[in-house]
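Asker: show me the folded form of this:
(chains A and B)
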Amino acid sequence: MTVSPAPSNANEYEAERVSASACPACLAAPSAEQLAKSGDIKGARIMLSLPTAHCAVCITDVERELMKQPGVKSARVNLTLKRASVDAETGVEPAGLIAALDKIGYESHELDPGMLSATEADKRGRDLLMRIGVAGFAMMNIMLLSVAVWSGAQDATRDLFHWVSAAIAIPTIIFSGQPFFASAYYSLRGGRLGMDVPISLAILLALGISLFETMHSGAHAYFEAATMLTFFLLVGRYLDYRTRAVARSAAEELAALEVPRATILREGVEVVVPVGELVVGDLMRVRPGGRIPADGEVIEGHSESDRSLLTGESLPVQVSPGMVLSAGEVNLTGPLMIRVTAAGKDSSLHRMADLVAMAESAKTKYTSLAERAARAYAPIVHILSFTAFCAWAWVTGGDFRLAINIAAAVLIITCPCALGLAVPAVVTAASGKLFRKGLLIKDGTALERLAEIDTVVFDKTGTLTMGAPRPQNLSDLAPEALCVAMALAEGSSHPLARALHQTALGQGATPAVLDDIREVPGYGVEGHWQGQIVRLGRANWIGAEEGTSTATHLKIGDAAPVSIRFVDSLRPGAEEAVAGLAAQGKSVWLVSGDVEPAVADLAARLGIAQYRAGALPMEKAQLVADLTREGRRVLMVGDGLNDTAALAGAHVSVSPASALDAARTASDIVLLGQDLAPISEAARIAKHARRRIKQNFGISIVYNAVAVPLALMGLATPLMAALAMSASSITVSLNSLRLR
Amino acid sequence: MDVLIYFIPISLFLGGIGLTAFWWSIKNRQYDDPKGDAERILSDEFDDHPKQD
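Answerer: Numbers count the residues shown, from 1 in each chain, chains lettered A, B, ... in the order given. Coordinates of the predicted model:
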């Protein structure tokens, strides 16, 4: 298993981005509340995510290592959820546990237990499972008795069997049928006719008729049909619930990975507060690598800021006192002191959230295949059954017992066992398959919508590219110059410097010995090498000529400065994804907030014909809306805050796990791994799944087409109902498993 | 057919035992970590007092 909820092999810089996000408008708000509620009570229970754990050795290693830590009372690994829960004394810091696990080679992340509470109490799932168990037990026992009746039990024996069946069936239906009765009651009270109304009616009518027949020594009783109906429909319900619960728990885990806090100065003392509690005028301290928690004006410090998640610009912006920064930017090189100018409702993040809300409301609500089927099905069944009752009452001249028997048989036979399984069985199979490929379906209808797309719009920075630059022309440097550049790069946490250092290390270079290395925030790094001043940094600081592409510059002594150009490395699988989608006949677009040359270059590299550069968030959303108006179904793939409105407005949307929480909330599908290739695979599977669902509907209709006329003619027997019901349910389930 | 007097209660009783076992296993959260439990059997470290939660 390589699927991990966290970007497992992302570099530290990426991990930083994910963990320090701040979006008061969306997911952050509830968690901030929870943080406030739980106060400073730490310890007690610590939850850790273990994306790489996969075997018995991992379990023992992790548990043994955690137990060794001082203050840890007990530790238990859950391999299914890839989590460890630790009971510890107050004062035990998760950071210490994470470091200890890192030492023995296990990656781990802190999870916010408050965000996971819903998963812990998976009561609804267990409740449904219990009802399935009871219905299954009853179904099998009643079936034993019914087989005896069908094979010819007579008179007193038959009546006894019917009475025993009734004694099992009535409490079972009362217990197991509750989910249907409750939902039917709510939909009736709301004046709607959902799928559960005919289901409840069929179950109750079957039970009532059977009881009446048993009392009057009748030949036919439908107890086994009533329990079988309940059993199969509950299975469908449970599959549906499981799919959503798995998606929700993984989505919750993504949300729990981010603990949005800000460091502020109160009366000269640094305190850490939830982002939701920031007020205008607070002084925030943002260390290098940290995300800016709220909009504000720089009071103190020089640095550079990465705006790629907000605007898609790949070049960092220089920051000096007096500049206004937006929440969501990442501070790169120097510590900053920022005065909050807008928090909560007024912040730019919140304005972005408004944009998302607007796009969402503009989108027409999608009616799923199941809903459409139910809408057509419910009235037909009621009309058929009522007509049968009236017709037979009239033909027989008032034999209401026979008429109601036939009406009940019609209801039971048409009851949507197969219809109830048709969608959930396929969706379970498909989302399980996609989950193994690293795609998480957040919304039940996303799969159906994904099957309909004909246009794909990609964002650039962070989506098609890693958002992490890579030096291109290191070979232009003399060997000793490379060693000097590497030594200088070591002294900075700027992404360009780190990329340079890593690549040089990969080429086998060793850092030169420098003296007095110091970082000049906002400009670069400087040091002494063999008596000469050496500098690595911005063009205007070095005295080099400013280029168009992302670059850093090296100057040794009085020699002419050398530029080191960077390109953003492609995300793995980007080429396959684009090629695969194009091969499926989808038209592919590239939209970015970045400058024209960078976007054009990438489009050419990937063979994307249509691209748009310098797009503002509003323009991205507009493009998606325009394409939709042309009658296209758009799949939007993006990760930034500037993409959220477009993601929300698209027919269906995908975002990588490294995206901002706002973008992930707005999208229907989350890509868990680094690889983009599963997207084209997902489009294919979705199409396949949709075909299976339609086939399943076809199968149920065929069964009904055969059985309903017989029931209407009064020829249906309980044996026939039982056969039709189980045969159709099993064919539908088997058909769903054929999904490839 | 008098033997039915014994057989029907016996079959219901046996079924009831199965149902009770199922009820216990759900209440006791036996299905919380199926993958982990399958792997733990390979571990040499015996856990006589597994954590209850």
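
Asker: tell me the first helix or strand C-terminal of the helix or strand where residue A:230 lies.
Answerer: For residue A:230, the host element (DSSP states H and E) is helix A:223-256. Counting by DSSP H and E, the element after helix A:223-256 in chain order, helix or strand, is strand A:261-266.

Asker: so what secondary structure elements neighbour that following strand?
Answerer: For strand A:261-266, the packing partners by 3 or more CB pairs under 8 Å, 6 or more residues apart in numbering or on different chains; DSSP states H and E come out as strand A:269-274, strand A:283-286. For every residue, glycine as well, the C-beta is placed using N, CA and C.

Asker: for chain B, what lies in contact range of chain A?
Answerer: Residues of chain B that fall close to chain A, judged by CB under 8 Å from any CB of the partner chain: B:1, B:4, B:8, B:11-12, B:15, B:18-19, B:22-23, B:26, B:29, B:31-36, B:39-45, B:50-51, B:53.

Asker: any idea how far residue A:435 is from the closest residue to chain B within the stretch 551-700 of chain A?
Answerer: As assessed by CB to the nearest CB, chain B sits closest to residue A:672 within the stretch 551-700 of chain A, at 17.2 Å. To residue A:435, residue A:672 is 8 Å away according to CB to CB, to the nearest Å.

Asker: over to residue A:538?
Answerer: 45 Å.

Asker: cool, and residue A:474?
Answerer: Counting by CB to CB, the gap from residue A:474 to residue A:435 is 40 Å.

Asker: got any ranges where the stretch 501-650 of chain A has weak pLDDT?
Answerer: A:546-549 (pLDDT under 70).

Asker: which stretches of it form helices?
Answerer: Ranges of helices in the stretch 501-650 of chain A, per DSSP state H, counting those that start in this stretch, are A:539-542, A:574-583, A:596-606, A:617-629, A:644-649.

Asker: make JSON lines out of the ones you listed and add distance to residue A:494 and mean neighbour count.
Answerer: Shown next, in JSON lines, are the helices of the stretch 501-650 of chain A (distance: least, CB to CB, whole Å; neighbours: other CB atoms under 10 Å in any protein chain shown):
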{"stretch": "helix A:539-542", "distance to residue A:494": "13", "mean neighbour count": "16"}
{"stretch": "helix A:574-583", "distance to residue A:494": "25", "mean neighbour count": "19"}
{"stretch": "helix A:596-606", "distance to residue A:494": "19", "mean neighbour count": "17"}
{"stretch": "helix A:617-629", "distance to residue A:494": "26", "mean neighbour count": "19"}
{"stretch": "helix A:644-649", "distance to residue A:494": "27", "mean neighbour count": "30"}
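
Asker: take these and write them to a markdown table, including distance to residue A:699.
Answerer: Formatted as a markdown table, the helices of the stretch 501-650 of chain A follow (distance: least, CB to CB, whole Å):
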| stretch | distance to residue A:699 |
| --- | --- |
| helix A:539-542 | 68 |
| helix A:574-583 | 31 |
| helix A:596-606 | 42 |
| helix A:617-629 | 34 |
| helix A:644-649 | 36 |
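
Asker: next, format the ones you listed as a markdown table and append distance to chain B.
Answerer: Below are the helices of the stretch 501-650 of chain A laid out as a markdown table (distance: least, CB to the nearest CB, whole Å):
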| stretch | distance to chain B |
| --- | --- |
| helix A:539-542 | 54 |
| helix A:574-583 | 30 |
| helix A:596-606 | 38 |
| helix A:617-629 | 40 |
| helix A:644-649 | 33 |
